[in-house]
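Asker: whatever this is, show me its structure:
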Amino acid sequence: MLQIIFATMLFMVITFGIGFIVNMLIKTTWFPTYFFIVLIVVLAFWAPWSGDEEKLVDVITNYTFIDFIPVIGAIAGAIISGYAIRALRRGGYKMF
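Answerer: Model prediction:
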């Protein structure tokens, strides 16, 4: 249980940091969030699917709720980075 908490917090901090940096570089607010969701779909569902011998539905049903908790934390970090950048821009910081 402790490992899930640490993994969730770690993924949240990592995606917040990456999203914040990407927002500063390309001056978009929600691109890191959309990109992360697309990346998760590709890596989690399509990548383990080997094609012929098992169906994509079987790959998806092999995941449990514990597998989704760090992903939810990571998506939350990406969303929080978008809100942080938006708040900084509204506060008058031109760099962000």
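Asker: pLDDT-wise, which helix or strand of the chain ranks last?
Answerer: Lowest on mean pLDDT, DSSP states H and E among the helices and strands of the chain sits helix 56-61, with a mean of 74.
Asker: mind listing what's buried in it?
Answerer: By neighbour count on 16 or more other C-beta atoms under 10 Å, the buried set for helix 56-61 is residue 59. (C-beta placed from N, C-alpha, C; glycine too.)
Asker: who does it touch, helix- and strand-wise?
Answerer: Using 3 or more C-beta pairs under 8 Å, 6 or more residues apart in numbering; DSSP states H and E, no helix or strand is in contact with helix 56-61.
Asker: following that helix, which helix or strand comes up?
Answerer: Once the chain leaves helix 56-61, the next helix or strand it forms, by DSSP states H and E, is helix 65-90.
Asker: report all helices and strands that that next one contacts.
Answerer: Counting contacts by 3+ C-beta pairs under 8 Å, 6+ apart, helix 65-90 is packed against helix 2-26, helix 31-41.
Asker: which stretch in those has the least confidence?
Answerer: When those are compared by mean pLDDT, helix 31-41 comes last with a mean of 84.
Asker: and it, what's buried?
Answerer: 32, 33, 36.
Asker: residue 13: neighbour count?
Answerer: Look at residue 13: counted by other C-beta atoms under 10 Å, it has 14 neighbours.
Asker: thinking again about what came up before, need the buried residues of helix 31-41 in TSV (columns: distance to residue 8).
Answerer: TSV is the format used below for the buried residues of helix 31-41 (distance: C-beta to C-beta, whole Å):
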residue	distance to residue 8
32	18
33	17
36	15
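Asker: for the residues you listed, which one is nearest residue 4?
Answerer: Distance to residue 4, by C-beta to C-beta, is smallest for residue 36 among the buried residues of helix 31-41, at 19.4 Å.
Asker: so who does the closest one touch?
Answerer: Going by C-beta atoms under 8 Å, 6 or more residues apart in numbering, residue 36 touches 15, 19, 74, 75, 78.
Asker: what's the PyMOL line that selects buried ones from the residues you listed?
Answerer: Restricted to buried positions by 16+ other C-beta under 10 Å, the PyMOL selection for the contacts of residue 36 reads:
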select buried, resi 15+19+74+75+78
